[in-house]
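>>> The sequence and its predicted three-dimensional model are supplied below.
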Amino acid sequence: MDEEEHERSYRISFEGEKMNRIHLYLEKMLYLTFIVMLGFLGMRCAAQKEELKTHPKDYVHPLAEINLERVFSENRGLRVMEENATMVHDFYRGGVQEKEEGESLMRERRWEEGGLHLEKSNRFLRVVLKYLPEDEAYRNVYGDQNVIFLPNLLIADNDLKLVAVYKNMGKNDRVAEVKSDGKYYLTESLKSVKTEWADEVKKGLEAE
């Protein structure tokens, strides 16, 4: 009996020691995993900070860096419908998508259809400005994605295009109104960020 009890106690002791070793191993693995995750997050944060580097106040972003085609490409994908837009950035993407559609129709000289899309683009973007009134060269949206965020400038550019639309449709009474709106939104854009694109829109509005 003593020998059996001794053997049983030895087994219990051995199994207990084995379980302790397993627990220690798991703790080490969890600790290492935690360290690796922290390092990965730190690298991502550093990368984002690098991407969002600041510029001097009077820095003018060149067209090679910020341009309309790049804005279009950043916002393509699933089409945003007004009834499905819930977040501010949904309205921004919807505004850009409507603008791209409107400009495509303008190139085909389908003035009325193109104008309707540009007007709808402005409605989307005005919703954005209720919550985020300042333009930014780059803003973090859609998870970790940084995009060009210029709702004021996009409206001003839309208004410049609408001047051409209304002239071709014979709606001259709308021209002065949309031109005035375009100048207002252009001024709002330039308060927070300067771009060569804005300079082009300004020249276009002044020429009209």
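Looks like it arrived, so ask away.
>>> and stretch 106-113, average pLDDT?
Per-residue confidence for stretch 106-113 averages out to 97 on the pLDDT scale.
>>> ditto for stretch 83-90
91.
>>> Mind listing what's buried along it?
By neighbour count on 16 or more other CB atoms under 10 Å, the buried set for stretch 83-90 is 85, 88, 89, 90. The way it works is simple: take the backbone N, C-alpha and C, and place the C-beta from them, glycine included.
>>> closest to residue 60 among these?
Looking at the buried residues of stretch 83-90 and their distance to residue 60, the nearest is residue 89, at 25.9 Å (CB to CB).
>>> so which helix or strand takes in that closest one?
Secondary structure assigned from DSSP states H and E places residue 89 in helix 88-107.
>>> packing partners for that helix?
helix 68-74, helix 111-131, helix 151-168 (3 or more CB pairs under 8 Å, 6 or more residues apart in numbering; DSSP states H and E).
>>> could I get the longest one in PDB with only the CA atoms?
By that I understand helix 111-131. Taking C-alpha atoms only, helix 111-131 is exported to PDB below (Å, rounded to 0.1, in the frame of the first residue of the first chain):
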ATOM      1  CA  TRP A 111     -25.300  69.100 -70.700                       C
ATOM      2  CA  GLU A 112     -28.500  68.600 -68.800                       C
ATOM      3  CA  GLU A 113     -27.700  65.100 -67.500                       C
ATOM      4  CA  GLY A 114     -24.100  66.200 -66.600                       C
ATOM      5  CA  GLY A 115     -25.500  69.300 -64.800                       C
ATOM      6  CA  LEU A 116     -27.900  67.200 -62.700                       C
ATOM      7  CA  HIS A 117     -25.000  65.000 -61.500                       C
ATOM      8  CA  LEU A 118     -22.800  68.000 -60.700                       C
ATOM      9  CA  GLU A 119     -25.700  69.600 -58.700                       C
ATOM     10  CA  LYS A 120     -26.200  66.300 -56.800                       C
ATOM     11  CA  SER A 121     -22.500  66.200 -56.100                       C
ATOM     12  CA  ASN A 122     -22.800  69.700 -54.500                       C
ATOM     13  CA  ARG A 123     -25.700  68.500 -52.300                       C
ATOM     14  CA  PHE A 124     -23.600  65.600 -51.100                       C
ATOM     15  CA  LEU A 125     -20.600  67.800 -50.400                       C
ATOM     16  CA  ARG A 126     -22.600  70.400 -48.500                       C
ATOM     17  CA  VAL A 127     -23.700  67.700 -46.100                       C
ATOM     18  CA  VAL A 128     -20.000  67.000 -45.500                       C
ATOM     19  CA  LEU A 129     -19.300  70.700 -44.800                       C
ATOM     20  CA  LYS A 130     -21.900  70.700 -42.000                       C
ATOM     21  CA  TYR A 131     -19.700  68.400 -40.000                       C
END
